[in-house]
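In: Kindly return the folded structure for what I paste below:
(one chain, ligands or ions: 1)
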Amino acid sequence: MSEREQWGTRIGFILAAVGSAVGLGNVWRFPFQVGEQGGATFLLMYVAIILIIGLPAMLVEFTIGRRSQRNPIDAFEKLGHREWSFVGILAVITGFIILAYYSVVAGWTIRYTGASITGAYFDDPAGYFGEVSFGIEALGFHAVFMVIAVGIVAFGIKRGIEACTKILVPAIIVLLLGLIVFGLTLEGAGEGLTYYLTPEFDALRDNWMELLPSAAGQALFTLSLGMGAMITYSSYIADDDNLVVDSGWIVGFNTAIALMAGLVIFPVLFSVGVDPADPGPGALFVGFGEAIAEAPASELIGAFFFGTVVIAAVSSGISILEVIVSFVIDHFEVDRIPATIGVGVIVFIVGIPTAFDGSILDLYDGVVAEVLLPLGMGLLVLFAGWFFTDAKDELLKGLGPATRDWLPTVWLWHIRTVILAVAVLVLILSSGGAYETLMEILEATE
Ligand code: PHE
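Out: Numbers count the residues shown, from 1 in each chain. Next up, the predicted model:
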């Protein structure tokens with residue numbers, strides 16, 4: 001077995017899980033999904049999915065992790081279902097692909113931290129993003145991020161990261177609140193709020209086949225679900241933890257940060273007359289760029305904001321890397337340092353195309369969020385619901401007396417039926433979408 005760090009306290013576990021969950025998914029991916037999917041209608045679907053699917057699905061990973069006390073690949077064997085280990089392998093493959101492009105986007109945030117100090121993007125945030133997002137320099141920042149992540153996972157300074165997260169995540173909330181208040185004073189902000197917060201039920205009815213896979217993909221991505229990261233983290237927790245309460249905190253906190261990021265970005269984009277769908281993956285950089293450029297002490301606020309995002313991205317990135325590395329250590333019997341460096345190099349190479357071409361980055365991102373994560377989650381739910389006979393018992397441990405009698409049963413039937421059905425539906429809907437995207441790319445390269 002690889003070294004097993006222990007969470008000293010319950011709050012230590014919650015913070016680490018929050019560290020994994022809170023990242024680019026909240027501040028980068030969420031606003032750009034909202035922008036591309038038409039605003040409030042997507043938001044409504046997303047919040048519903050977080051509650052109906054995300055929270056119970058997180059409990060699936062927590063029960064598997066705590067009962068097995070293993071990483072996602074060995075967990076199945078430990079639970080007496082070796083034939084399910086392929087789900088762990090799928091998790092590792094998914095991890096490779098996520099981290100490959102996650103690191104490229106994280107590289108942008110590293111660049112923006114420096115560019116805030118020099119004020120490089122203040123005059124023309126959209127133009128600047130267009131110039132720097134892809135190309136050889138983006139590749140360089142991708143390398144920088146991978147070196148940081150490899151350094152942490154190989155040499156184990158996770159505690160340092162945890163300590164930083166503990167201070168910076170609350171700090172970013174305060175900063176976001178400040179920027180929300182500031183953004184709302186801008187002219188035209190009201191329109192942005194309407195766009196972000198007033199769902200159209202007609203649009204929901206007409207577009208649900210497109211909205212559902214995007215919202216589900218975003219929910220899984222932002223909660224770090226579907227590829228075993230939460231199995232790994234929960235393999236270190238104590239039996240008397242109330243998993244339902246813990247996941248409530250993690251999900252609540254994570255969702256609040258994303259919602260706040262949207263509250264800054266959309267009013268600001270509307271106030272400067274940018275169509276929220278236009279910047280695509282640049283929504284964060286253009287939206288915050290505009291907000292920060294107009295605010296007092298822009299250099300300082302910008303550097304602090306993007307610097308914090310870098311740290312949030314690091315704490316998420318290492319949770320992905322850890323899943324892959326612990327697999328490599330256990331199965332190829334290599335030491336932690338060479339294993340981490342080797343994995344880091346491969347991830348870097350897999351990410352190269354996404355540093356040069358936005359449509360490839362989109363492809364990786366779409367396949368991960370709408371195919372691989374729902375597939376992983378669907379399989380985990382199928383396993384926990386129908387094959388892992390102790391799932392209900394494991395959830396029961398640490399539950400308060402008020403919920404003990406009914407909650408595990410309701411949860412079990414919910415995952416057995418509702419979540420499983422939604423996972424299948426999402427996969428059906430998204431495989432159509434993924435096919436279309438692939439065809440578009442093939443056509444474009446011809
Ligand atoms: N949840 C992380 C984020 O929002 C990304 C992530 C996905 C981490 C999957 C682990 C597993 O940035």
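In: Now do whatever residue of the stretch 51-200 of the chain ends up closest to the ligand against residue 391, distance only.
Out: At 5.6 Å from the ligand, residue 98 is the closest residue in the stretch 51-200 of the chain, using Cβ to the nearest ligand atom. All C-beta spots, glycine's among them, are computed from the backbone N, C-alpha and C. In this view, residue 98 and residue 391 are 26 Å apart by Cβ to Cβ, to the nearest Å.
In: what do you get for residue 122?
Out: Counting by Cβ to Cβ, the gap from residue 122 to residue 391 is 52 Å.
In: related to what we said a few turns ago, residue 98 and residue 391 - which one has more neighbours?
Out: Shown here are residue 98 and residue 391; by other Cβ atoms under 10 Å, residue 98 has more neighbours (28 against 24).
In: Count residues in the vicinity of residue 79, would you?
Out: Neighbour tally, residue 79, other Cβ under 10 Å: 21.
In: Do I have it right that it meets residue 389?
Out: No. Applying Cβ atoms under 8 Å, one finds residue 79 not in contact with residue 389, separated by 9.1 Å.
In: Stretch 45-65 and the ligand, are they touching?
Out: No. Judged by Cβ under 6 Å from any ligand atom, stretch 45-65 makes no contact with the ligand; its nearest approach is 10.4 Å.
In: Would you mind measuring the gap between the ends of that stretch?
Out: 29 Å (Cα to Cα, to the nearest Å).
In: tell me the average confidence for it?
Out: For stretch 45-65, the mean per-residue pLDDT is 97.
In: Report the buried residues of it.
Out: Within stretch 45-65, the residues that qualify as buried are 45-47, 49-50, 53-65, counting by 16 or more other Cβ atoms under 10 Å.
In: do the same with stretch 180-191
Out: Neighbour count says stretch 180-191 has 180, 182, 183, 184, 186, 189 buried, by 16+ other Cβ under 10 Å.
In: List the contacts of the third one.
Out: Residue 183 is in contact with 189, 192, 263, 264, 267, 268, 271, 291, counting by Cβ atoms under 8 Å, 6 or more residues apart in numbering.
In: Point me to the helix or strand that includes the fourth one.
Out: This points to residue 264. Assigned by DSSP states H and E, residue 264 belongs to helix 243-271.
In: what separates the most centrally placed residue in the chain from residue 259, distance-wise?
Out: The centre of the chain sits closest to residue 222, judged by Cα atoms, centre = their mean, with a distance of 3.0 Å. Note on residue 222: its distance to residue 259, by Cβ to Cβ, is 11 Å.
In: Could you find the closest non-adjacent residue to the residue of the stretch 101-250 of the chain found nearest the ligand?
Out: Proximity of the stretch 101-250 of the chain to the ligand (Cβ to the nearest ligand atom) peaks at residue 224, 3.5 Å away. Sequence neighbours aside, residue 20 is the residue nearest to residue 224 in space, at 4.6 Å (criterion: Cβ to Cβ, 6 or more residues apart in numbering).
In: hang on, the earlier thing: who's in contact with the closest residue to the residue of the stretch 51-200 of the chain closest to the ligand other than its chain neighbours?
Out: Spatial nearest neighbour of residue 98, chain neighbours left out: residue 368 (5.2 Å); criterion: Cβ to Cβ, 6+ apart. Each residue near residue 368 by Cβ under 8 Å, 6+ apart is listed here: 94, 97, 98, 101, 217, 221.
In: Kindly recompute the last result at 10 Å.
Out: 94-95, 97-102, 217, 220-221, 226-227, 374, 376 (Cβ atoms under 10 Å, 6 or more residues apart in numbering).
In: and which of those residues is nearest to residue 173?
Out: residue 221 (20.7 Å; Cβ to Cβ).
In: three-state assignment of the closest one?
Out: At residue 221, secondary structure determined by DSSP: H, G, I helix; E, B strand; the rest coil is helix.
In: which of the contacts of residue 368 tops the neighbour count?
Out: residue 227 (34 neighbours).
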